[in-house]
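Peer 1: sequence and computational prediction follow.
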Amino acid sequence: MATDDEASSRSPRRRSGELSGLVLAVLRRARQPLTPGQVLERLRAGGSGPLAYSTVVTILSRMHRQGMVSRERAGRGYAYVAVADAHRAAGQMRRVLDSERDRDAVLTRFVGSLSERDEQLLRRLLSDDPLGQPD
Amino acid sequence: MRIAVYLPILLPALAGFSARWMAARIEPRRATMLFTGGAVLLATANGFALFALAATVVGQWSVLATLGHWSAWVLHRDDPASRSVAMGAGVVVVLAVAAAISAVSRRVLTLNHAARTAKHLPNSDPVVLDDPDPDAYALPGAPGRIVVTSGMFSALDAAEREVVLAHERAHLAGRHHIYVSFAQFAAATNPLLRPLASAVSFCVERWADEQAARAVGDRRAVALAIGKAALISRHRPGSAAALGVGFDDVRSAGPVPRRVAALLARPPRRQWMPILIALGVLALAIVATAETARDLDFLFDLAEVGSST
């Protein structure tokens, strides 16, 4: 209980800054969107001491306003994901979608792959065109 | 039910055979809608015809006949289809329904995955990925996002980038992935409809190309941008192997040369003949299905009368 009193006696601002860092670490480790309840669970499991659910919600919504996390609807509330992960996810996404059989229907690509034959035809089409030089 | 029931089973082959010919002749927006609607309608008619054939023999099972209060004997006496054909139809219809359910659930998962990813992408339009591999695509979602790699953008000039973005915006605004998905669900139930589903995939590209051409006001510029983008991204793994024959025919080529050729040619005119032929085939499927439904109803009415006397 002594540590708890000590923590709550610090300035609230500093404590919330520390908590943001902890929350971000939890979200990064999770690799999937987490609800405030799940974040709270993991914070407690990580030994953060007693924390109120409403505190976690407040921190997460502030982090969302600051653009540190993004969120999606999950039931009646939101699930959160760290933004740095979102950028990485964009890179991973193509690899993931490339491995899915449904990729071609979901990603409408600007150009698909060319066979050797398509390439020759394409070069001829472009060179036959009076103004069209590909390079 | 003698000819009518077999017609919807033959029509998908006819539609599949003529899909490519029609895709080159019908204005792309109309063609997309016509082919998607046609694929779904033909798959449904086909499924119903198989169901009707199967019902004539499944209805003879005594448990079902008792439950439904009809006479298994009358069904057996008046059965218009041979037993083996009806049993075969029953197996095929079960497989088709299973294939449809599997295709739909897989697609829903993939679309959810895409929408979730789209939601977490950085707030820029388009999203530019730091990746030397040239690529550009639209990721459907609410809202959908356009993703372009730095490799693609650095190879194109400003006007060409505008073409890429206009093309992908057209895909998202027109929700083109929905048409492609429905055509593919139809094709999952019947492999004969696969050419029709490929035609839909091709037509949505043409549709987006023509919209990009309207946005930038220059069809040739769109053709050149597609050509350039395709030539810089040609080394993507998984590209189709060379066939080595018929090097001079665009009509049998892959989608990219056909799109470029279509844009370099005159704008698509309104051609009514291919549309009328397609609508005629679909009308035939509807009439045959209605006829089959009437015959099936009549057969079971007879069997019900037979069971009550």
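Peer 2: Looks like it arrived, so ask away.
Peer 1: CA only for contacts and neighbour counts going forward, please
Peer 2: OK.
Peer 1: surely residue A:79 is within a strand?
Peer 2: Yes - the assignment for residue A:79 (DSSP: H, G, I helix; E, B strand; the rest coil) places it in a strand.
Peer 1: up against chain A, what does the stretch 1-150 of chain B have?
Peer 2: B:106-107, B:110-111, B:114, B:116-117, B:119-122, B:129, B:135-140 (Cα under 8 Å from any Cα of the partner chain).
Peer 1: going through those, which ones are buried?
Peer 2: Using 16 or more other Cα atoms under 10 Å in any protein chain shown as the burial test, the residues of the stretch 1-150 of chain B next to chain A include B:107, B:110-111, B:114, B:116-117, B:119-122, B:129, B:135-140 as buried.
Peer 1: how much space between residue B:190 and residue B:9?
Peer 2: With the distance defined as Cα to Cα, to the nearest Å, residue B:190 ends up 10 Å from residue B:9.
Peer 1: which residues are in contact with stretch B:87-103?
Peer 2: If you take Cα atoms under 8 Å, 6 or more residues apart in numbering or on different chains as the criterion, stretch B:87-103 is touched by B:47, B:50-51, B:53-55, B:57, B:185-186, B:188-190.
Peer 1: mind listing what residue A:40 touches?
Peer 2: With contacts defined as Cα under 8 Å, 6+ apart, the neighbours of residue A:40 are A:51, A:53, A:56.
Peer 1: can you tell me the SS state at the last one?
Peer 2: Meaning residue A:56. Secondary structure for residue A:56, judged by three-state DSSP, is helix.
Peer 1: just the closest residue of chain A to chain B, please.
Peer 2: Scanning chain A for the residue nearest chain B gives residue A:109, at 4.2 Å (criterion: Cα to the nearest Cα).
Peer 1: who is that residue paired with across the strands?
Peer 2: When assigned by DSSP bridges, residue A:109 has beta-bridge partners residue B:137.
Peer 1: which one is residue B:259 nearest to, not counting chain neighbours?
Peer 2: Counting by Cα to Cα, 6 or more residues apart in numbering or on different chains, residue B:259 lies nearest to residue B:206, which is 6.3 Å off, once chain neighbours are set aside.
Peer 1: so where's chain A shaky on pLDDT?
Peer 2: Within chain A, the stretches falling below the threshold (pLDDT under 70) are A:1-17, A:66-67, A:83-105, A:129-135.
Peer 1: please enumerate the strands of it.
Peer 2: Assigned by DSSP state E, the strands in chain A fall at A:69-74, A:77-82, A:108-109.
Peer 1: what residues does the shortest one touch?
Peer 2: By that I understand strand A:108-109. Counting by Cα under 8 Å, 6+ apart, the neighbours of strand A:108-109 from elsewhere in the structure are B:135-139, B:168, B:171, B:177.
Peer 1: out of those, who's nearest chain A?
Peer 2: The closest of those to chain A turns out to be residue B:137 (Cα to the nearest Cα; 4.2 Å).
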